[in-house]
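**Q** Provided below for reference: sequence and predicted model.
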2 protein chains.
Amino acid sequence: MSRLAGSSKLLRAMNESAALELLLDPGMLTRADLRRITALSTPTISELLRRLTAAGLITVVGHDSGRPGPAAEIYAADPDAAYTVAVSIRETGTSGNPSVAAALCDLTGTIRATVETHVDFLGADPVSTVAGVVTRLRKRAGVEAGRIRHVQLGVPGSYDPRSETIRLTDVPGFGRPGLVPRIAEALGTRVGADNDVNLAAVAERRRGAGREAENFALLWIGQDGLGLAIDINGTLLRGTRGGAGEIGYVPLYSPDSPHRKIDLQDLFGGPAIMELARDHGIAGETPAAVVAAGSEEFLAVLADRVVVGLAAVTAILDPYLIVLAGPIAQAGGEALLTAVTSAFGRAAPLECSITVTAIEGDAVLLGALDAGLKAVREVLVAAIRAG
Amino acid sequence: MSRLAGSSKLLRAMNESAALELLLDPGMLTRADLRRITALSTPTISELLRRLTAAGLITVVGHDSGRPGPAAEIYAADPDAAYTVAVSIRETGTSGNPSVAAALCDLTGTIRATVETHVDFLGADPVSTVAGVVTRLRKRAGVEAGRIRHVQLGVPGSYDPRSETIRLTDVPGFGRPGLVPRIAEALGTRVGADNDVNLAAVAERRRGAGREAENFALLWIGQDGLGLAIDINGTLLRGTRGGAGEIGYVPLYSPDSPHRKIDLQDLFGGPAIMELARDHGIAGETPAAVVAAGSEEFLAVLADRVVVGLAAVTAILDPYLIVLAGPIAQAGGEALLTAVTSAFGRAAPLECSITVTAIEGDAVLLGALDAGLKAVREVLVAAIRAG
DNA sequence: TGACTGTTAAGTAGCTTTATCAATAGCCGT
DNA sequence: ACGGCTATTGATAAAGCTACTTAACAGTCA
């Protein structure tokens, strides 16, 4: 319903971008399909496809035979029209050291190359580190530099898109203002950045538990901290300074001791879980380990605490679904989920279904790929509209 | 960026609706102004204005002389093209009894008639009550029935637009499923409904403290309960079942007594405020009265409690601005605001500016008018697009 | 033969450019 | 001080352009 006016050129740009959008997202469409969806006439569709093919954006990917008449050409976006790189910066990798996971995928989302390295960010320059990873991926996949249209960064901390700075991060060097534009300059590409939890929610939306949900909240229970991502109809709620979802800071108020400041992080953050495990006599090196090994009783107490946070989220946002994610939630699995669900039913006044993440593998990296892919597609569509 | 395709007819519909939208919202535009904004050519603008005038949607409201050449005609939406009625149902009116406040305004937003009555909803039928109020307003303003294109209801409780039912309300008869469609049927108009706090936020957005804010959260501290409205870029966050902002249910967790369930309503809802006032030796009949009469010390303690809620909201949403509204916040005024601001600075880990409502008069009713007006404008624009 | 794919040709809707007329403020000369 | 002249702007009219639609047709396969 935006105010948009123009002449026949606008019409062409709109039709062309609408067709490209359709070929990018469902993909695999014949002329007849496009005709049906867009309600445009056959000659228009034909010319439109000719132009998009000439621009190298789409190709014929197959033929649909079986019906009378000649086999219909099936069109889809050309996988090699553009590439995306996702780079996930992790404070603690699987081995416990800071690590970088990265992947390169084509326009259809199939991964062409991956890289995983350990970097001591105290010594390394963030710009050249990221640039190096991108170059390595690019060479490994045999892709020329200009074809990478977007690089998506995932960082622990919050990202403020307005000032293009990463905030509240513990990774050395990444909190510096102007870092993201400098990486973009070094790479010669658009660079996006986002909170790792937000990116996990993007993955959940596209290929996980959030696929069918109109909206959901994702509670990330990580080794280092808590996080919340809020997906409203497919778009993430970021807040004014990118600080939405810093749920670890939700304060708890105790009438009996109003001056002892505690927050949700103190209630079920990593250290709190370790302490609780000790009280219950459960052995384990990491929070994930003790949750995986936890007794039913221990999980029930932990669930009571988690539900305090979930109830606050539910009362403020009323989401359709809550997804429990992050290494600790993943370690808890079904046992933790049933404990949380029953605790939620007892304690929370409103209803909401709860589930655990359906993503296998590195949710943050996959989400960064999805976000990067979306950005690339928007760039391609916008380029057509602009002419 | 929505997939939209079509022929030249679509183009005309788009241009026409864009022009109407411009004449509805800023209004008072000459042909030259429209030409500049839409980048359409003079003949197109002329014919477009001719059609809109013939449809009775716009009129010449003045002439712009002073420059050489003929005086340019100034166009704007015809105030009498459509009307809106807002009906605010209040559990406790100014006198303490359930009351209904209503107003009728034209397309430019100027109020043509108002009505305020006390209704005992235990005895009265909601459908005929609302219909009666609308008819009374209509006759008083001298408007024929067909010209009222939208009736906006404001109710205490939450509204689920999907099932078109009002939930969590204490007004007798209004929680019945199918009530809103039945009112619409009786009136022969579109009928919208919304939470009273949400509507107060709509008013704040259009004419109050939220005018400049990209987003804000409005904390309503009422005699009967707490509420939160979340405005993201001009659209309200409603939640899945319309239950977003039921902040009174945010639970508090005390590690020392985990089984005593208390929530924010217990912390600074009306009864809690009265109890706190008693502890501080402050006399007064209502929460608003004691807050208005409250000592600095009392307000400081109250502010500490309010900030618990605000800190949770800030950590989850990171709003640009928090607006304190509702009768109790209004009674507290600047004194409460300074107390809350300083308490927030001490207790909350994130920053956020706080202010009190800038609406004078019945914020809910004004918000309902604004929401109704917006709905009417959307209907008019959509009608043009449809042809 | 009939259904379906894809192209070519003619027609139409709607916008833009260009040209023209009309009106008025400001200037200038008497 | 006043009336006519000019520059500037508002609005309409005519011609041209762009992009879509409808209609007709050629080709292919069950």
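**A** That came in fine, so what should we check first?
**Q** output the helix ranked longest in chain A as CSV, nothing but the C-alphas.
**A** Scanning chain A for the longest helix, with DSSP state H as the assignment, gives helix A:363-386. Presented in CSV, the C-alpha positions along helix A:363-386 are these (Å, rounded to 0.1, in the frame of the first residue of the first chain):
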residue,chain,number,x,y,z
ALA,A,363,22.2,-23.2,13.1
VAL,A,364,24.0,-19.8,13.1
LEU,A,365,26.0,-20.5,10.0
LEU,A,366,23.0,-21.9,8.2
GLY,A,367,21.0,-18.9,9.2
ALA,A,368,23.7,-16.6,8.0
LEU,A,369,23.6,-18.3,4.6
ASP,A,370,19.8,-17.9,4.5
ALA,A,371,20.0,-14.3,5.5
GLY,A,372,22.8,-13.7,2.9
LEU,A,373,20.8,-15.5,0.2
LYS,A,374,17.8,-13.3,1.0
ALA,A,375,19.9,-10.2,0.7
VAL,A,376,21.4,-11.3,-2.6
ARG,A,377,17.9,-12.0,-4.0
GLU,A,378,16.7,-8.6,-2.9
VAL,A,379,19.8,-7.0,-4.5
LEU,A,380,19.0,-8.8,-7.8
VAL,A,381,15.4,-7.8,-7.8
ALA,A,382,16.1,-4.2,-6.8
ALA,A,383,18.7,-4.0,-9.6
ILE,A,384,16.0,-4.9,-12.1
ARG,A,385,13.6,-2.4,-10.7
ALA,A,386,16.2,0.3,-11.0
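**Q** can you list the buried residues in stretch A:68-88?
**A** Buried positions in stretch A:68-88, judged by neighbour count with 16 or more other Cβ atoms under 10 Å in any protein chain shown: A:72, A:74-79, A:81-88. All C-beta atoms are positioned from the backbone trio N, CA, C, and that covers glycine.
**Q** of these, closest to DNA strand D?
**A** The nearest member of these to DNA strand D, counting by Cβ to the nearest atom of the strand, is A:Ala72 at 9.9 Å.
**Q** pretty sure the closest one sits against A:His63.
**A** Yes - between A:Ala72 and A:His63 a contact is recorded at 6.8 Å, counting by Cβ atoms under 8 Å.
**Q** spit out the residues that contact the two alike.
**A** Applying Cβ atoms under 8 Å, 6 or more residues apart in numbering or on different chains, one finds that no residue jointly contacts A:Ala72 and A:His63.
**Q** up against chain B, what does the stretch 151-300 of chain A have?
**A** Within the stretch 151-300 of chain A, the positions adjacent to chain B are A:214-215, A:228, A:230, A:232, A:237-258, A:261-263, A:267 by Cβ under 8 Å from any Cβ of the partner chain.
**Q** pretty sure A:Ala193 sits in a strand.
**A** Yes - for A:Ala193, which was evaluated using DSSP: H, G, I helix; E, B strand; the rest coil, the result is membership in a strand.
**Q** next one: phi and psi at A:Asp362?
**A** Dihedral angles of A:Asp362 (phi, psi; degrees, to the nearest 10) stand at phi -80, psi 100.
**Q** how about the nearest residue to it once chain neighbours are set aside, phi and psi?
**A** Using Cβ to Cβ, 6 or more residues apart in numbering or on different chains and skipping the chain neighbours, the partner closest in space to A:Asp362 is A:Ala101 (5.9 Å). Backbone torsions for A:Ala101, taken as degrees, to the nearest 10, come to phi -110, psi 140.
**Q** and the helix or strand harbouring A:Ala329, what's buried?
**A** Secondary structure here is read from DSSP states H and E; on that basis A:Ala329 sits in helix A:327-347. Along helix A:327-347, these residues count as buried under the neighbour rule (16+ other Cβ under 10 Å): A:327-332, A:335-341, A:343-344, A:347.
**Q** what do you get for stretch A:345-361?
**A** When neighbours are counted by 16+ other Cβ under 10 Å, the buried residues of stretch A:345-361 are found to be A:Ala347, A:Ala348, A:Pro349, A:Leu350, A:Cys352, A:Ile354, A:Thr355, A:Val356, A:Thr357, A:Ile359.
**Q** thinking again about what came up before, and the angle from the longest helix of chain A to helix A:327-347?
**A** Between helix A:363-386 and helix A:327-347, the angle formed by their directions is 90 degrees, by axes from the mean of the first three to the mean of the last three Cα atoms, to 10 degrees.
**Q** assign A:Gly66 to helix, strand or coil.
**A** Taking three-state DSSP as the rule, one finds A:Gly66 in the coil state.
**Q** surely A:Val307 meets A:Phe344?
**A** Yes - here A:Val307 lies in contact with A:Phe344, judged by Cβ under 8 Å, at a distance of 5.0 Å.
**Q** tell me where the stretch 151-300 of chain A has helices.
**A** A:179-187, A:196-207, A:264-268, A:270-279, A:287-293, A:296-317 (DSSP state H, counting those that start in this stretch).
**Q** tell me which of the ones you listed lies nearest to DNA strand D.
**A** From those, taking Cβ to the nearest atom of the strand, the stretch that ends up closest is helix A:196-207, at 30.5 Å.
**Q** any chance you could list what contacts the closest one?
**A** A:88, A:90, A:152, A:154-156, A:210-211, A:216, A:218, A:220, A:227-231, A:234, A:236, A:238, A:245, A:323, A:325-326, A:357-359, A:363-364, A:366-368, A:370-371.
**Q** wait, doesn't A:Leu187 sit right on A:Val134?
**A** Yes - under the criterion of Cβ under 8 Å, A:Leu187 makes contact with A:Val134 at 5.9 Å.
**Q** which neighbours do these two share?
**A** With contacts taken as Cβ under 8 Å, 6+ apart, A:Leu187 and A:Val134 have A:Ile148, A:Val151 as neighbours in common.
**Q** same drill for those two, tell me which one is more crowded.
**A** Set side by side, A:Leu187 and A:Val134 give different neighbour counts by other Cβ atoms under 10 Å in any protein chain shown, the larger being at A:Val134 (23 against 19).
**Q** so what pLDDT did the more buried one get?
**A** The pLDDT attached to A:Val134 in the predicted structure is 97.
**Q** what bridges to the nearest residue to it once chain neighbours are set aside?
**A** Closest residue to A:Val134 apart from its sequence neighbours, by Cβ to Cβ, 6+ apart: A:Val85 at 5.3 Å. Here A:Val85 shows beta-bridge partners A:Leu104, A:Val151, assigned using DSSP bridges.
**Q** for the closest residue to DNA strand C within the stretch 1-150 of chain A, helix, strand, or coil?
**A** When Cβ to the nearest atom of the strand is the measure, the stretch 1-150 of chain A has its nearest residue to DNA strand C at A:Gly69, with 2.5 Å between them. Counting by three-state DSSP, the backbone at A:Gly69 sits in coil.
**Q** which ones, among the buried residues of helix A:327-347, also lie beside chain B?
**A** Filtering the buried residues of helix A:327-347 for proximity to chain B by Cβ under 8 Å from any Cβ leaves A:Ala347.
**Q** which two from the buried residues of helix A:327-347 end up farthest apart in space?
**A** Longest distance between any two of the buried residues of helix A:327-347 is 24.8 Å, between A:Pro327 and A:Ala347; criterion Cβ to Cβ.
**Q** how about the stretch 101-250 of chain A: which residue is closest to chain B?
**A** For the stretch 101-250 of chain A, the residue closest to chain B is A:Gly239, as judged by Cβ to the nearest Cβ, at 2.6 Å.
**Q** what about the closest residue to that residue other than its chain neighbours, how many neighbours?
**A** Closest residue in space to A:Gly239, ignoring its immediate chain neighbours: B:Asp318 at 2.6 Å, by Cβ to Cβ, 6+ apart. For B:Asp318, the neighbour count with other Cβ under 10 Å is 24.
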